[in-house]
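Asker: Need a 3D model of the following:
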Amino acid sequence: MRTLLTIFLALLLAACSGGAPRDTVVVIPPGASIAKAGEILEKAGATSASGFRNRARLFGSDAPIKPGEYEVKKGMGAGDILRMMQEGRTVQRFVTVPEGMPSIMVWERLMAEPRLTGTVAVPAEGSVLPDTYAFTTGESRAAVVARMQAAMTKTFDALWAKRSPRTAAKDRNEAITLASIVEKETGVAAERRTVAGVYTNRLAIGMRLQADPTIIYPITRGKPLGRRILRSEILAVNDYNTYSMIGLPKGPIANPGKASIAAVLDPEANDYLYFVAKGDGGHVFARTLAEHNANVQKWYQLRRERGEM
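Answerer: Just a heads-up that it's a prediction; the model follows:
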């Protein structure tokens, strides 16, 4: 009888307390019991540990509480907090992978996020779909990478099923590899299919792709070079440098976005073989070497006028 009276008084006190006195954030670790969650809540000043335990014991469902970061709003009572934790309504944090980010930089970004836990290997290049991903505090880095890779597989499979007969890619590796080159060569959305068409044309006639980003990748693993490319690097023979080989590199040089993958799988039907920057972020395209050389001279002249040469 005394025990029931004690519980009743505890619940009555909790009901009259007016709920959490202020907004606060708590983190519930994996495997935490109701009692442990109560201790965390009491330490944060959100509610009393005994009131939370008693509320769960008498009125809570059998559902376990879920780990993660929770925002307890001012005025929330023990019952509201319990339901929130049982339903897993955690605070969502976000990590963004921009189009064209190499896997080493994806890894660095994840390892620098203090709210994530555990270690993870550098993802295979081209296996991560650039996007913004939600996570909750205490989640493992491996789980986030797994979602990124699952998103890439799902996206690629859907695009591959609709591929054009014009595509030069014979499998996923070739498609992602060529898409990663397109991604690094242009940031202009309207140009992606045109650039993909240029490379498709070159591959069809056995012409070297001569894509500068493929020179840089084996030097920096895709990070910015920070200087001009050396002649010795242009001439270097390796598995990536498309100035010294015919065909595609052995694998991707970055993580391409959906639009670049789509462009490679449905390239523009054009007869361009060359392109060069024109100074506004875009490129000018040419069918012949003579046209291209003239465009290059215009680009050089613009750079001289800007004081870049």
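
Asker: C-alpha from now on. contacts and neighbour counts both.
Answerer: Fine.

Asker: Tally up the residues packed near residue 231, please.
Answerer: A total of 8 residues lie near residue 231 under the criterion other C-alpha atoms under 10 Å.

Asker: Distance check, it against residue 244.
Answerer: 12 Å (C-alpha to C-alpha, to the nearest Å).

Asker: try residue 265
Answerer: 25 Å.

Asker: now residue 25
Answerer: 56 Å.

Asker: and residue 244, what is it in contact with?
Answerer: 208, 234-238 (C-alpha atoms under 8 Å, 6 or more residues apart in numbering).

Asker: how does it look with 6 Å?
Answerer: Listed by C-alpha atoms under 6 Å, 6 or more residues apart in numbering, the contact set of residue 244 reads residue 237.

Asker: confidence score at it?
Answerer: Here, the pLDDT recorded for residue 244 equals 96.

Asker: any idea how far residue 279 is from the nearest residue to residue 269 once chain neighbours are set aside?
Answerer: Closest residue to residue 269 apart from its sequence neighbours, by C-alpha to C-alpha, 6 or more residues apart in numbering: residue 197 at 6.2 Å. Residue 197 sits 21 Å away from residue 279, going by C-alpha to C-alpha.

Asker: How many residues are close by residue 232?
Answerer: Residue 232, neighbours per other C-alpha under 10 Å, totals 8.

Asker: my bad, residue 148
Answerer: For residue 148, using other C-alpha under 10 Å, the count is 20.

Asker: same deal with residue 145?
Answerer: Around residue 145 there are 22 residues (other C-alpha under 10 Å).

Asker: roughly how far out does the host helix or strand of it sit from the chain middle?
Answerer: Assigned by DSSP states H and E, residue 145 belongs to helix 141-160. Relative to its parent chain, helix 141-160 has a centroid offset of 10 Å by C-alpha atoms, centre = their mean, to the nearest Å.

Asker: Could you pull out the buried residues of that helix?
Answerer: Buried positions in helix 141-160, judged by neighbour count with 16 or more other C-alpha atoms under 10 Å: 141-142, 144-145, 148-149, 151-153, 155-156, 159-160.

Asker: again with stretch 184-194
Answerer: 184-186, 191-194.

Asker: Likewise for stretch 87-94?
Answerer: 88-91.

Asker: can you check stretch 106-120 too?
Answerer: Neighbour-count burial for stretch 106-120 [16+ other C-alpha under 10 Å]: 106-107, 110-111, 115-117.

Asker: before we move on, back to that, return the subset of the buried residues of stretch 184-194 lying in helices.
Answerer: Within those, residues falling in helices by DSSP state H are 184-185, 192-194.

Asker: could these go into CSV alongside pLDDT and distance to residue 300?
Answerer: Below are those laid out as CSV (pLDDT from 0 to 100; distance: C-alpha to C-alpha, whole Å):
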residue, pLDDT, distance to residue 300
184, 96, 21
185, 95, 18
192, 97, 24
193, 97, 26
194, 98, 23
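
Asker: Go through those and say which is closest to residue 219.
Answerer: residue 184 (15.4 Å; C-alpha to C-alpha).

Asker: State the distance from the closest one to residue 173.
Answerer: 17 Å.

Asker: what's the answer for residue 149, then?
Answerer: 14 Å.

Asker: Please apply the same query to residue 43.
Answerer: 52 Å.

Asker: out of these two, which sits in the busier spot?
Answerer: Neighbour totals were compared for residue 43 and residue 173, and residue 173 leads with 17 against 13 (other C-alpha under 10 Å).

Asker: What count of nearby residues applies to the closest residue to the more buried one other than its chain neighbours?
Answerer: Closest residue to residue 173 apart from its sequence neighbours, by C-alpha to C-alpha, 6+ apart: residue 251 at 6.5 Å. Neighbourhood size, residue 251 [other C-alpha under 10 Å]: 18.

Asker: I'd say residue 251 and residue 177 touch.
Answerer: Yes - using C-alpha atoms under 6 Å as the test, residue 251 is close enough to residue 177 to be in contact (5.3 Å).

Asker: Which parts of the stretch 101-250 of the chain are strands?
Answerer: 132-135 (DSSP state E, counting those that start in this stretch).

Asker: Endpoint to endpoint, stretch 229-243 covers what distance?
Answerer: 12 Å.

Asker: Next, the buried residues of that stretch.
Answerer: 234, 236, 240-243.
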